[in-house]
Every structure is written in structure tokens, then in C-alpha cells.
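Participant: this one's structure only:
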């Protein structure tokens, strides 16, 4: 019996989750299912142009696992494009990465998904409008690094946002 797959970290949830060839009624199309983590693998490698090792690190998986996810995603997209099928993005085994913030002015805490919403330099506290805030980790401590656990041992300090 194989072990269940561990959750992949995803920084992006698509607003549009269905894509189809133009001019073909939906009832006449077959669908290809693409999971959210497969779309994330394509986004990281093909859209952002990251190396596979960096992509794997951001998704919280090994490089061979990332390669399998990416290969499966590309095969599905190729099948849909070549054979004129629709693509539906849904499901998967993932955890959305959230950014958490704490306002120094009013003490309000809020969170936003990574890769969505304004950048740190463009943000204000949604409660009081202050620009005096900082990013916090899941325990409410100041966020020290954007590269997960790896940098905490090295003492790297990332900027807010």
C-alpha cells in the first residue's frame, strides 16, 4: 500500500478554471482535468522561468516529485491542445500559501494569498489604513524569511511583503 501524497504548497489560485477551444459547443467537447498543483508547476517553470530545484522548493516537494507533477501537467495540456479538448482546473492535494500581516498602529492582523493582492509596498492596513505593518509567521512572530524553513537556520532577513 502506497503512502498518501503530501500536500503541495501553492501560491496561486486561478480565477478562471475552464478553458475550451473557441467555436466548439461545450457539449461536443471532451475534458482534460488539470489539478491546481499541476497548474502551479506550469506557472512556476514555464511562466516565471524558475529552475526545477527552485520550483520544487517553493512547492515543498522533492525535485523528482516536482518533475513528475510538471510532466503530467504538460502532457495534459498537450493532449487538450492537440486533440481539441477543454481543460478544467480543479481539485488536487495542495495547501494555499498565505501571507500574514500585523499592523503596528492598531494591532489588526490579516492574511492574503501569496501572489495575490497588492505588493507589500502598495498595501495598507485594512482596518486603519496605516502603512506601519510587518509580515508575521503562523505563530505571530515577525516573518524572517521568504524561503520557508531553509533560511531560518542561515539567519536570512527578508523585506516586508
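Facilitator: Looks like it arrived, so ask away. On a predicted model such as this, the values are computed, not experimentally measured, just so you know.

Participant: alpha carbons only for contacts and neighbour counts from here, please
Facilitator: Fine.

Participant: For the protein, which segments count as strands?
Facilitator: For the chain, the strands defined by DSSP state E occupy 8-10, 18-19, 31-34, 86-89, 94-96, 98-103, 109-113, 133-136.

Participant: Out of those strands, the one nearest residue 67 is which?
Facilitator: Nearest to residue 67 among these is strand 8-10; the distance by CA to CA comes to 13.1 Å.

Participant: For that closest one, which strands pair with it and how are they oriented?
Facilitator: In the sheet, strand 8-10 lines up against strand 94-96 (parallel) (DSSP bridges).

Participant: which regions of the chain lie under the pLDDT threshold?
Facilitator: The chain contains residues with pLDDT under 70 at 115-117, 119-120, 143-161.

Participant: let's see it at 90
Facilitator: Counting by pLDDT under 90, the chain contains low-confidence ranges at 1-7, 9, 11-15, 93-101, 110-124, 129, 131-161.

Participant: hey, what's residue 33 bridged with?
Facilitator: Residues in beta-bridge contact with residue 33 (DSSP bridges): residue 88.

Participant: Wait, it touches residue 85, no?
Facilitator: No: contact criterion CA atoms under 8 Å: residue 33 and residue 85 do not qualify, at 10.1 Å.

Participant: Among these two, which residue is more densely surrounded?
Facilitator: residue 85 (22 against 17; other CA atoms under 10 Å).

Participant: Pull the contacting residues for the more buried one.
Facilitator: Contact analysis of residue 85 by CA atoms under 8 Å, 6 or more residues apart in numbering lists 20-21, 29-32, 79.

Participant: Please repeat the previous calculation with a cut-off of 7 Å.
Facilitator: When contacts are counted by CA atoms under 7 Å, 6 or more residues apart in numbering, residue 85 is found next to 20, 29-32.

Participant: And the helix of greatest length in the chain, what does it pack against?
Facilitator: Taking DSSP state H as the criterion, the chain has its longest helix at helix 63-83. Helix 63-83 makes packing contacts with strand 31-34, helix 36-42, helix 52-59 when contacts are defined by 3 or more CA pairs under 7 Å, 6 or more residues apart in numbering; DSSP states H and E.

Participant: So which of those is the most surrounded?
Facilitator: helix 36-42 (a mean of 24; mean count of other CA atoms under 10 Å).

Participant: which other helices and strands contact that helix?
Facilitator: strand 8-10, helix 63-83.

Participant: Any idea which of the ones you listed gets closest to residue 134?
Facilitator: strand 8-10 (22.2 Å).

Participant: now that closest one: how far from the chain's centre is it?
Facilitator: Using CA atoms, centre = their mean, to the nearest Å, the mean C-alpha position of strand 8-10 is found 6 Å from that of the whole chain.
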